[in-house]
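J.: output the structure for:
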Amino acid sequence: HVQLVESGGESVQVGESLKLSCVASGFDFSRRRMGWYRQTPGKERELASSISPDGTTTYADFVKGRFTISRDNPKNTLYLQMNDLITEDTAVYYCAVDSYGLGIFDHWGQGTQVTVS
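T.: The predicted structure follows:
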């Protein structure tokens with residue numbers, strides 16, 4: 001079954017950097033579109049960034065120019081490099097996969113907390 005395990009979240013100061021990781025299993029990682037979502041209390045989960053099997057990336061306006069998504073297919077691992085963090089980046093960050101290849105993210109990990117103050 002699909003498993004996504006995030007790590008790397010912690011409390012940091014404004015302007016600092018963090019790198020999140022997501023180890024995937026239970027599906028063919030190299031052939032699936034992956035994404036990073038985030039959610040704050042009282043708000044809906046929102047897509048921050050995605051990466052296709054061919055390496056094509058997308059970014060939401062609120063992270064563009066500051067965050068970089070990448071993947072290491074041999075390690076079945078997804079990354080999110082987060083630079084120039086601001087207080088508004090405080091959220092739980094979730095790794096997601098389009099496991100059926102239908103253009104819809106259908107599985108998420110348990111999340112990792114990022115706090116910027």
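J.: contacts only, for residue 90.
T.: Contact analysis of residue 90 by C-beta atoms under 8 Å, 6 or more residues apart in numbering lists 40, 114-117. Every C-beta, even on glycine, is put in place using the N, C-alpha and C of the backbone.
J.: let's have those in JSON lines, adding pLDDT.
T.: Output for the contacts of residue 90, formatted as JSON lines (pLDDT from 0 to 100):
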{"residue": "40", "pLDDT": "94"}
{"residue": "114", "pLDDT": "98"}
{"residue": "115", "pLDDT": "98"}
{"residue": "116", "pLDDT": "98"}
{"residue": "117", "pLDDT": "97"}
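J.: residue 61: which of those residues is nearest?
T.: For these, the closest approach to residue 61 (C-beta to C-beta) belongs to residue 40, at 16.5 Å.
J.: what's around the nearest residue to the closest one once chain neighbours are set aside, how many residues?
T.: In space, and not counting its chain neighbours, residue 40 is closest to residue 91: 4.7 Å by C-beta to C-beta, 6 or more residues apart in numbering. Using other C-beta atoms under 10 Å as the criterion, residue 91 is surrounded by 22 other residues.
J.: list the residues that contact residue 91.
T.: When contacts are counted by C-beta under 8 Å, 6+ apart, residue 91 is found next to 38-40, 113-114.
J.: what do you get for residue 110?
T.: Applying C-beta under 8 Å, 6+ apart, we find residue 110 in contact with 5-6, 94.
J.: now do the SS call for it.
T.: Residue 110 carries the three-state label coil when classified by DSSP: H, G, I helix; E, B strand; the rest coil.
J.: picking up where we left off before, looking at the contacts of residue 90, which has the most residues close by?
T.: Per-residue neighbour counts (other C-beta under 10 Å) across the contacts of residue 90 peak at residue 114, which has 21 neighbours.
J.: element containing it?
T.: strand 112-116 (DSSP states H and E).
J.: mind giving me the packing neighbours of that strand?
T.: Helices and strands touching strand 112-116, as assessed by 3 or more C-beta pairs under 8 Å, 6 or more residues apart in numbering; DSSP states H and E, comprise strand 11-12, strand 18-25, strand 91-97.
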